[in-house]
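# Predicted model follows, preceded by the sequence.
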Amino acid sequence: MFQDRLQAQLLPAVERAFTELFQQQLDGRSVSFQATRPEFEGDVTLNVFPFLKLSGKGPEQTATLIGEFLIRELPIVQRFNVIKGFLNLVIADAYWTGFLKAAQAHDLLVFPSTGKKVMVEYASPNTNKPLHLGHLRNIFLGWSVSRILEAAGNEVIKVQVVNDRGIHICKSMLAWRKFGQGETPESSGMKGDKLVGRYYVAFDKAYRAEVEGLVASGLSKDEAEKQAPLLLEAQDMLRLWEAGDPEVRALWEKMNGWVYDGFNATYARLGVTFDKNYYESQTYVLGKNDVREGLKKGVFYEKDGAVWVDNTPEGLDEKVLLRRDGTSVYMTQDIGTAIKRFEEYPGLSKLIYTVGNEQDYHFKVLFIILRKLGFAWASELFHLSYGMVDLPSGKMKSREGTVVDADDLVDEVVSEARSMGEELSKLDGFSAGEKAALYEMIGLAALKYYLLKVDAKKRMLFDPAASIDLQGHTGPFIQYTYARIQSLLRKAELLSGDHGPGATDTHALLPEEKQVLKLLHHFPAVLHEAETRLDPSSLANHAYEVVKAYNSFYQAIPVLKEEDADKRAFRLALSKVVASTTRRAMWCLGIDVPERM
RNA sequence: GGUCCCGUAGCUCAGCUGGAUAGAGCACCUGCCUUCUAAGCAGGAUGUCGUUGGUUCGAGUCCAACCGGGAUCGCCA
C-alpha cells in the first residue's frame, strides 16, 4: 500500500501508541488515514472503530488516548479532537510548508525508476476504414496509461497490432478495382483511410443489392448472403492474397499504404506514437507450433482432427485452437504473438492489452492458455478492458451511418475552441499560426479529458454538446488555470526586488492555501493508484480537484498585490508548484497546457 | 440458458481495501470584472444510491435473490 510522507510519520507512531498504551501489536496494514471532512477541524482522521478490540476501551477513550500520545510523540501533530470514533488531527503548518519546499525541489509526479519494462498495446485498427470515436477512447486510454506507467518509473514500449489482412480489406480492394477508375488520395484530395473506407462502404452497398436480387429470385437470405458473386470474388481475392499473387499483393500494399498515411496523419494530430507496429499479415502464422507443442505436452487434446483446449475446470468452455485443416484461429495467433513479444523483449515484466470489453472472454481464455503452457509471465498479462462509447441516439452502427469519425470530431471541437477564443479575444500579440496551434491544443484537451475522466471500465455516453464544452469539469478549465498561473509568474518576474518564489514558514496558513496544499500532497498517492489500477480517470479527476481549489484560492487571496514579501513569495511558490504538478498530471493524460489562453 | 459488466440528483459522472450529514459538472436562479486572465469565483435548489432480504458497532460500497440495461458463449476476426 502506498504511504504518503505524512502517513509515513503517523503510522509508526500509532503502532507505538498501541504497544505502549494497550500492550497490543497493531497491524499497520489495517490502518487507514483519511482526509478530515470539511465540517470538522483537522487535516487527517484516524477511525479507531476497527481497533476497539485491541484497545479494550470505548471509541472516545481510545481515540483520546491515541491523540494524546501523538501530541507527545510527534511535533507535527499540533492538536486533535475526537468525535465518536474519529480522531481528527490538526497537522502543524510547518509540516505543510515543509512539504511545499520538498515539492519545489522534486516533481511530485515523478517516481524513481523501477527498472521494469512494460509493453502497452493500443489502437490496433483494421485497415479498411477510418478511425472513429471508439478508437479515440482506446487510443487516449492506451496513451495515458503508458504515460502514467512512465511517470511511475517504468520503461514503456508502446505497440499496436494492425489488422491489415483478411476479408475486410479484400472487400475494399475489390470495390476499388471494380468502381474506382484509378482514384487515388491525390486525385481525389481525400485522406487515404477515408478513401479506402469509402470503397468498403461501396462494396457493402453493391453486395447487399446482389443479396436482395438473389432473394427476389427465390434464394433464402442465408443462401443469398453466402452465394452473392461479390462475396465469392472477395474470398477468391483472399485466397490469391494468401498464395502470394503478385497483382493482389501489389494492390493490397498500395491501398494499405494509403490507409497508413491517413492513420499517421490522425495519430500525429492526436499526439500519439508507437515504438513498434505489429502486422497481422505477419503474425497470423504465429502460434501453430506453440499449439502443437502444447498438444505434445498434453496441455491440449485432439478431437475430430482439430486441436482443443479444455477450460471447463476454470469455469469456461472448450475452445478450438487449430482447425481440422490445420489452419489457425484468432486465438492461435494471439498465443504466438504474446510468446514472440516476450522473446523479442527479454526482461519484459508486463504486457497490457488495451482492447474493448467485448473481448473480455477472449483474453480470459488467452491468459489461461498461456499459463497452462507454463509461461511464468502469463500472470503479468493484463487486459485493459474499456467500455463501449454510446451516442445519445444509441449504439454506433456503421451500417446506419451513425459512426462518429475521429477526424471530424477533432475538427469540431477545435472549431468550438476557436470561436470561444475569438469571442474572448485575450490573445493580443499572437500570430495566426500561434492562435491555430492554441485552439488545436484546447480542442484536443476538451476531447481527451472528456473521454478520460470517466472510469475506463464503464460504458459511457458520448454527448457531442458536452464533449466540446470548455467550461466546468473539462480539460480547458484545467488548462486555463495553468495559463492563469503562468501569467502570474511572468508578472512576478517583472516586479523588481523579488528574487523568485520561495516557501517560507513564517505565517499562519490560510484555509484556502492549506486546502490547495493538502490536495497537492495527496497527488502522489493518486498517481500510484492510477498506476496500479491502470486508470487515468482518477488522475484526471484529482487534477480537476487541485485546480478548482487553486481557483478558489486565487479569487479570494491576493498574490502579487500582497504587501508582505514573505507571504507573496509563499503564494508564488504555491502557485508555481500547482502549475508544474498540473502540467505533469496533464502530461500523464496526454494533454498539453498553454502559457496563455 | 451459462458466464461477465453496469444501475447514485432532470442529464453526464465521482465516491479508494466497508466509516461521520452521499459529492462534482451541465442545466436553472442570485451576486461578483476602472481586471494578479470572469474559459473564473461565491451562494441557492435537486437523491426511496434499481428492489427486497442478509452480514456488521456501521452498507452506495460486501453476500443472496429478483427487476432493468449491455456484452459474450463459432473449426468468425
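Great, that's in hand.

# Can you list the buried residues in stretch A:102-113?
For stretch A:102-113, a neighbour-count test (16 or more other C-beta atoms under 10 Å) marks A:103-104, A:108-109, A:111 as buried. Just so you know, the C-beta spots here come from the backbone N, C-alpha and C atoms, and that holds for glycine as well.

# Distance to RNA strand B added to these, as a markdown table?
A markdown table is the format used below for these (distance: C-beta to the nearest atom of the strand, whole Å):
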| residue | distance to RNA strand B |
| --- | --- |
| A:Ala103 | 20 |
| A:Gln104 | 19 |
| A:Leu108 | 17 |
| A:Leu109 | 17 |
| A:Phe111 | 18 |
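
# Pull the number of nearby residues for A:Val309.
Residues lying near A:Val309 (other C-beta atoms under 10 Å) number 24.

# residues of the helix or strand encompassing it that come out buried?
Using DSSP states H and E, A:Val309 sits within strand A:306-310. For strand A:306-310, the neighbour count (16+ other C-beta under 10 Å) marks A:307-309 as buried.

# do stretch A:75-88 as well
Residues A:76-78, A:80-83, A:85-88 are the ones in stretch A:75-88 that count as buried (16+ other C-beta under 10 Å).

# which residues are in contact with it?
With contacts defined as C-beta atoms under 8 Å, 6 or more residues apart in numbering, stretch A:75-88 is touched by A:6, A:9-10, A:36, A:40-42, A:44-49, A:52, A:59-60, A:62-64, A:66-67, A:70-71, A:89-92, A:94-95.

# check the residues you listed against RNA strand B, which are close?
A:36, A:40, A:42, A:45, A:47, A:49 (C-beta under 7 Å from any atom of the strand).

# which residues of the stretch 301-450 of chain A score low on pLDDT?
The stretch 301-450 of chain A contains residues with pLDDT under 70 at A:399.

# Around RNA strand B, which positions in it sit nearby?
So the stretch 301-450 of chain A meets RNA strand B at A:303-306, A:315, A:317, A:320, A:323-325, A:329-330, A:357-362, A:387-388, A:395, A:417, A:420-421, A:424, A:426, A:442 (C-beta under 7 Å from any atom of the strand).

# what's the following helix or strand after the helix or strand A:Asp407 falls within?
Here A:Asp407, judged by DSSP H and E, is contained in helix A:406-424. Counting by DSSP H and E, the next helix or strand C-terminal to helix A:406-424 is helix A:432-452.

# can you list the domains in chain A?
Domains of chain A are assigned by automatic domain parsing as A:5-91, A:166-275, A:406-589.

# The longest one: how far from the chain's middle?
If I follow you right, that is domain A:406-589. Computed by C-alpha atoms, centre = their mean, to the nearest Å, the chain-centroid distance of domain A:406-589 equals 19 Å.

# what's the span of stretch A:18-34, first residue to last?
19 Å (C-alpha to C-alpha, to the nearest Å).

# buried set for that stretch?
In stretch A:18-34, counting by 16+ other C-beta under 10 Å, buried: A:18, A:21-22, A:26, A:31, A:33.

# quick one, phi psi at A:Tyr278?
Dihedral angles of A:Tyr278 (phi, psi; degrees, to the nearest 10) stand at phi -110, psi 140.

# swap in A:Gly85?
Backbone dihedrals for A:Gly85, given as degrees, to the nearest 10, come out at phi -90, psi 20.

# returning to that earlier point: of the ones next to RNA strand B among the contacts of stretch A:75-88, keep whichever come out buried.
Buried among those by 16+ other C-beta under 10 Å: A:36, A:42, A:45, A:47.

# Spatially, which two of those residues are the most separated?
Greatest spatial distance among these (C-beta to C-beta): A:Gly42 and A:Asn47, at 12.4 Å.

# give me the number of residues near the residue in chain A positioned nearest to RNA strand B?
Relative to RNA strand B, the nearest point of chain A is A:Gly472 (2.1 Å; C-beta to the nearest atom of the strand). A:Gly472: 10 surrounding residues under other C-beta under 10 Å.

# Quick one: classify it as helix, strand or coil.
Secondary structure assignment for A:Gly472 (DSSP: H, G, I helix; E, B strand; the rest coil): coil.

# For chain A, give me the ranges with low pLDDT.
Applying pLDDT under 70 to chain A flags residues A:1, A:399, A:495-506.

# Let's check: the centremost residue of it is which one?
Chain A has A:Leu141 as the residue nearest its centroid, 2.9 Å off, counting by C-alpha atoms, centre = their mean.

# thought it was touching A:Gly387?
No. Using C-beta atoms under 8 Å, A:Leu141 makes no contact with A:Gly387, being 10.5 Å away.

# Give the residues shared as contacts by those two.
A:Ala456.

# ranges for the strands of chain A?
Ranges of strands in chain A, per DSSP state E, are A:33-35, A:44-47, A:77-83, A:86-91, A:117-121, A:155-162, A:276-279, A:301-303, A:306-310, A:318-322, A:348-356, A:381-386, A:389-390, A:460-461.

# Need the ones you listed in JSON lines (columns: distance to A:Asp222).
Shown next, in JSON lines, are those (distance: least, C-beta to C-beta, whole Å):
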{"stretch": "strand A:33-35", "distance to A:Asp222": "61"}
{"stretch": "strand A:44-47", "distance to A:Asp222": "63"}
{"stretch": "strand A:77-83", "distance to A:Asp222": "70"}
{"stretch": "strand A:86-91", "distance to A:Asp222": "67"}
{"stretch": "strand A:117-121", "distance to A:Asp222": "36"}
{"stretch": "strand A:155-162", "distance to A:Asp222": "32"}
{"stretch": "strand A:276-279", "distance to A:Asp222": "33"}
{"stretch": "strand A:301-303", "distance to A:Asp222": "27"}
{"stretch": "strand A:306-310", "distance to A:Asp222": "24"}
{"stretch": "strand A:318-322", "distance to A:Asp222": "23"}
{"stretch": "strand A:348-356", "distance to A:Asp222": "28"}
{"stretch": "strand A:381-386", "distance to A:Asp222": "33"}
{"stretch": "strand A:389-390", "distance to A:Asp222": "30"}
{"stretch": "strand A:460-461", "distance to A:Asp222": "35"}
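
# now for these, which one comes closest to A:Pro558?
Ranking those by proximity to A:Pro558 (C-beta to C-beta) places strand A:86-91 first, at 25.3 Å.

# what are the pairing partners of that closest one, and which direction each?
strand A:44-47 (antiparallel), strand A:77-83 (antiparallel) (DSSP bridges).

# any bit of the longest one sitting next to RNA strand B?
Spelled out, that is strand A:77-83. Yes. Counting by C-beta under 7 Å from any atom of the strand, RNA strand B has neighbours in strand A:77-83: A:Ile83.

# How far off centre is that strand?
39 Å.

# just stretch A:341-355 next, same as before
18 Å.

# Return it as PDB; C-alpha atoms alone will do.
Provided in PDB are the C-alpha atoms of stretch A:341-355 (Å, rounded to 0.1, in the frame of the first residue of the first chain):
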ATOM      1  CA  ARG A 341       6.900 -10.500 -27.700                       C
ATOM      2  CA  PHE A 342       8.500 -11.900 -24.600                       C
ATOM      3  CA  GLU A 343      11.200 -13.400 -26.700                       C
ATOM      4  CA  GLU A 344      11.800 -10.100 -28.500                       C
ATOM      5  CA  TYR A 345      11.900  -8.100 -25.300                       C
ATOM      6  CA  PRO A 346      13.700 -10.100 -22.600                       C
ATOM      7  CA  GLY A 347      13.000  -8.800 -19.200                       C
ATOM      8  CA  LEU A 348       9.600  -7.600 -20.200                       C
ATOM      9  CA  SER A 349       7.700  -7.600 -16.900                       C
ATOM     10  CA  LYS A 350       4.200  -6.800 -18.000                       C
ATOM     11  CA  LEU A 351       2.100  -6.800 -21.200                       C
ATOM     12  CA  ILE A 352      -1.100  -4.700 -21.300                       C
ATOM     13  CA  TYR A 353      -3.700  -5.100 -24.000                       C
ATOM     14  CA  THR A 354      -5.900  -2.100 -24.500                       C
ATOM     15  CA  VAL A 355      -9.000  -3.700 -26.100                       C
END
